[in-house]
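>>> Need the 3D shape of this:
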Amino acid sequence: MRRIAAPHIFAVNSSEGAPACAGMAVLSGPLLGIYLMRTAPHARRRGFARNVLLALMHWGATHEAVTAYLQVEHANEAAVSLYASEGFTIASRYRYWSKR
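Modelled structure (predicted):
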């Protein structure tokens, strides 16, 4: 992450003095990439991820981003629901491949 040359920011939402959720955004011209969204198990479904997402998107908007994008696993229903409620739509799907 130290090699990211583009403007970027981290956001953390804490609960009871400990990190509850964190994420990162990277600005690339008018595009804002949302990365590393993670929520502690005890903090899920309590609005922490939404707060981090909104903070990252606000930062992007103040730096002239007009489109935000992210990746999420299809099976992560809570995250899919959050992102859909904030206006994200599916642009493409991807698959994980492994060799056994």
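>>> if I pick the closest residue to residue 36 other than its chain neighbours, what's in contact with it?
The spatially closest residue to residue 36, leaving aside those adjacent along the chain, is residue 24, at 4.6 Å (Cβ to Cβ, 6 or more residues apart in numbering). (C-beta placed from N, C-alpha, C; glycine too.) Each residue near residue 24 by Cβ atoms under 8 Å, 6 or more residues apart in numbering is listed here: 1, 8, 9, 10, 11, 34, 35, 36, 56.
>>> Listing partners with orientation, what would you give for the helix or strand where residue 24 lies?
Assigned by DSSP states H and E, residue 24 belongs to strand 18-28. Sheet pairing for strand 18-28, assigned by DSSP bridges, gives strand 8-15 (antiparallel), strand 31-39 (antiparallel).
>>> Burial check on residue 35, number of neighbours?
When neighbours are defined as other Cβ atoms under 10 Å, residue 35 has 16 of them.
>>> which SS class is residue 99?
In three-state terms, and counting by DSSP: H, G, I helix; E, B strand; the rest coil, residue 99 is coil.
>>> pLDDT score for it?
Per-residue pLDDT puts residue 99 at 94.
>>> State the number of residues packed around it.
3.
>>> For it, what are phi and psi?
phi -110, psi 130 (degrees, to the nearest 10).
>>> so how far is residue 42 from it?
According to Cβ to Cβ, to the nearest Å, residue 99 and residue 42 sit 36 Å apart.
>>> For the residue nearest to residue 71 when sequence neighbours are not counted, grab the count of nearby residues.
What sits nearest to residue 71 in space, not counting adjacent residues and going by Cβ to Cβ, 6+ apart, is residue 94, at 7.3 Å. For residue 94, the count of nearby residues is 8 (other Cβ under 10 Å).
>>> Does residue 94 touch residue 74 like I think?
No: Residue 94 is beyond contact range of residue 74, at 9.1 Å (criterion: Cβ atoms under 8 Å).
>>> which regions of this protein sit below the pLDDT cut-off?
1 (pLDDT under 70).
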